[in-house]
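1. sequence first, then the predicted structure, then my questions.
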Amino acid sequence: MRFQSVTVLTVASIMATACAAEGPQSIDLTAEVAAVNETSLKWLEFAAAKDAAGVASLFTSDGVLFSENEEPVVGPAAIEALVAQRFEQNPDQVPAFGSDRIEVAASGDLAVEFGTWGPEGPDGDYGKYITVYRKVDGVWKVAGDMSLSTRPESEASGS
């Protein structure tokens, strides 16, 4: 009986030590910020190449694209269709956007990018955006993106 207790305690101790060794791994937040930034830069590359499928591939299966004065678009197929339509309607538009800052959650599986876009298009519009990223199978994907113009209305209307 005593031998069994010692054996059980020894096995439990070994298992506890093994679990502790495999416990929470430290997340290199600096590396994760760089990885999110790479995804953002990839989006800019796809947009410059007018590659709607490429842009859509950056989104999660339930990713949402929010745009001013439009209903949200959900999922890569719908996002690809909208982005392709925008590229077609604005063939000379040169995308211009970039991160102001990126914050990664301590868990290492969620991130938020705050950025600035523009000026773009013939009217020289510009604004801000926020993009939420989720890590899916080790890859940063866009879970949601929202942008808005920050140009004053008086400037937009030309008065």
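-> Thanks, I have it. Numbers count the residues shown, from 1 in each chain.
2. centroid residue for the protein?
-> Centroid check for the chain by C-alpha atoms, centre = their mean gives residue 133 as the closest residue, at 2.9 Å.
3. which SSE is that one in?
-> Following DSSP states H and E, one finds residue 133 within strand 125-136.
4. got the angle for the helix or strand just after that strand vs strand 125-136?
-> Scanning forward in sequence from strand 125-136 by DSSP H and E, the next helix or strand is strand 139-149. Taking axes from the mean of the first three to the mean of the last three C-alpha atoms, to 10 degrees, one finds strand 139-149 and strand 125-136 inclined to each other by 160 degrees.
5. for the protein, just list every one of the helices.
-> In the chain, the segments counted as helices under DSSP state H are 2-21, 29-48, 52-57, 76-89, 153-157.
6. pick out the shakiest of the ones you listed, pLDDT-wise.
-> The minimum mean pLDDT among the helices of the chain belongs to helix 2-21 (a mean of 42).
7. thinking again about what came up before, export the strand holding residue 133 as PDB, just CAs?
-> C-alpha atoms of strand 125-136 as PDB (Å, rounded to 0.1, in the frame of the first residue of the first chain):
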ATOM      1  CA  ASP A 125      -9.800  61.800 -50.000                       C
ATOM      2  CA  TYR A 126      -8.000  60.700 -46.900                       C
ATOM      3  CA  GLY A 127      -8.800  59.100 -43.600                       C
ATOM      4  CA  LYS A 128      -8.200  56.500 -40.900                       C
ATOM      5  CA  TYR A 129      -8.700  52.800 -40.600                       C
ATOM      6  CA  ILE A 130      -8.700  50.100 -37.900                       C
ATOM      7  CA  THR A 131      -8.100  46.500 -38.800                       C
ATOM      8  CA  VAL A 132      -8.600  43.600 -36.400                       C
ATOM      9  CA  TYR A 133      -6.500  40.500 -37.000                       C
ATOM     10  CA  ARG A 134      -7.000  37.000 -35.700                       C
ATOM     11  CA  LYS A 135      -4.300  34.200 -35.900                       C
ATOM     12  CA  VAL A 136      -5.700  31.200 -37.800                       C
END
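8. now do it against helix 29-48, angle only.
-> Relative orientation of strand 125-136 with respect to helix 29-48: 120 degrees, computed using the same axes, to 10 degrees.
9. so residue 96 sits against residue 118, correct?
-> Yes - using C-beta atoms under 8 Å, residue 96 is in contact with residue 118, at 5.9 Å. Quick note: C-beta positions are derived from backbone N, CA and C, even for glycine.
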